[in-house]
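# Predicted model and sequence below, questions to follow.
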Amino acid sequence: MKIHSPRVNRIMARCAVAVCRTLFRTLRMHFLEADPSVNPYHGDGPAVIYSVWHDVAAYPIFAGRHKRTVALVSKHQDGSLLASGLSMCDIGLVRGSSSRAGASAMREMIDLPDDRNIVMTPDGPRGPRRRTKAGMVFLASHTGRPIVPCGFAATRDWKIPGSWTNLSIPKPFSTVYLITGEPIPVPRGASREEMAAIEEHVQREMDRLTEAAEQLAHPNVATTAYQESRPQAPLARPSRTKIDRADLDRSAAA
């Protein structure tokens, strides 16, 4: 169902944000950082581009308080509700996509202040699911920001059906794993061949970190980065931990 009224969109967004903030207060959060300097909730450190799969975008939105984050949101009608919600979470907006207003959105992101972090869903807005596209690497090559691949998983979640992928929402009192990998530098003025190679590297890291998060959430279950349904297992209450690179590699290989 498409909502064409901006006022109704704002009301729905306000309700959704209130529900999600309440839900996320019940979760036990584990932040697993290969490089703590690029944590988006600290407000310091170098500016980067965070790569987040579309189906787990709710996790980083509500996992902490954003300091200087900007997100690319589709100009399609179904992006209006998301845009309203993000603005209520202190996340700046650039409206556009690969199919509508893409060039102007790219120019706007290139011109952002140097201290802004950018969040992109490289498989959005229409898929294919969990496959990177060239736009993120192009942006990195023109801004000097490295790409930080991310992986997320919850011990228990709902899958909300979408047109091309489901949206994962963690269930109350579950444990959530939020993993950021090493920043991937992209040289300014990179050639097409270099950008294609970096895009493949980002894809592999996104797959690896997603797999690692799934292994941590479901250690006794064989998982793949493309699995849609997850077994259910309980847990509770908030905490914050870190993990080093060796531990992350062992989790991914398990």
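Alright, I've got the coordinates. Residues are numbered from 1 along each chain as shown.

# At the geometric centre of this protein, which residue do we find?
Centroid-nearest residue in the chain, with Cα atoms, centre = their mean: Val52, separated by 2.7 Å.

# and that one, how far is that from Ser5?
Per Cβ to Cβ, to the nearest Å, Val52 is found 29 Å from Ser5. Yep, even glycine has a C-beta here, placed from its N, CA and C like the rest.

# cool, and Arg126?
Distance of Arg126 to Ser5, given as Cβ to Cβ: 24 Å.

# more crowded one of the two?
The neighbour count for Arg126 versus Ser5, taken as other Cβ atoms under 10 Å, is higher for Arg126 (15 against 10).

# Hmm, Trp164 and the more buried one touching each other?
Yes. Taking Cβ atoms under 8 Å as the definition, Arg126 is a contact partner of Trp164 at 5.9 Å.

# Just to be sure, Val148 is in a strand?
Yes. Assessed with DSSP: H, G, I helix; E, B strand; the rest coil, Val148 lies in a strand.

# Quickly list what it is bridged to.
Beta-bridge partners of Val148, counted by DSSP bridges, are Tyr50.

# Hmm, it is touching Thr180, no?
Yes. Contact criterion Cβ under 8 Å: Val148 and Thr180 qualify, at 5.4 Å.

# anything in contact with each of those two?
Asp35, Val38, Tyr50 (Cβ atoms under 8 Å, 6 or more residues apart in numbering).

# residues in contact with the first one?
Going back to what we said before, that points to Asp35. If you count contacts by Cβ under 8 Å, 6+ apart, then Asp35 has Val148, Thr180, Glu182, Pro183 around it.

# tell me which of the residues you listed is nearest to Ile61?
Distance ranking of the contacts of Asp35 against Ile61, using Cβ to Cβ, places Thr180 first at 15.0 Å.

# Could you measure from the closest one over to Thr143?
Separation of Thr180 from Thr143 (Cβ to Cβ): 19 Å.

# Those two: which is more packed in?
Remark: of Thr180 and Thr143, Thr180 carries more neighbours, 25 against 20, as counted by other Cβ under 10 Å.

# Phi, psi for the more buried one please.
Backbone geometry at Thr180, expressed as degrees, to the nearest 10, gives phi -120, psi 140.

# Identify the bridge partners of it.
Beta-bridge partners of Thr180, counted by DSSP bridges, are Glu33, Cys150.

# Give the full set of residues in contact with it.
Phe31, Leu32, Glu33, Ala34, Asp35, Val38, Asn39, Tyr50, Val148, Pro149, Cys150, Leu209.

# Break down the stretch 151-254 of the chain into its strands, ranges please.
Using DSSP state E, counting those that start in this stretch, the strands of the stretch 151-254 of the chain run over residues 157-160, 167-170, 175-180.

# now the stretch 1-150 of the chain
Assigned by DSSP E, counting those that start in this stretch, the strands in the stretch 1-150 of the chain fall at 28-33, 49-51, 69-73, 92-95, 117-120, 147-154.

# most neighbours per residue, which of the ones you listed?
Across the strands of the stretch 1-150 of the chain, averaging neighbours per residue (mean count of other Cβ atoms under 10 Å) puts strand 147-154 on top, at a mean of 27.

# got the angle for it vs strand 28-33?
Per axes from the mean of the first three to the mean of the last three Cα atoms, to 10 degrees, the angle that strand 147-154 makes with strand 28-33 is 160 degrees.
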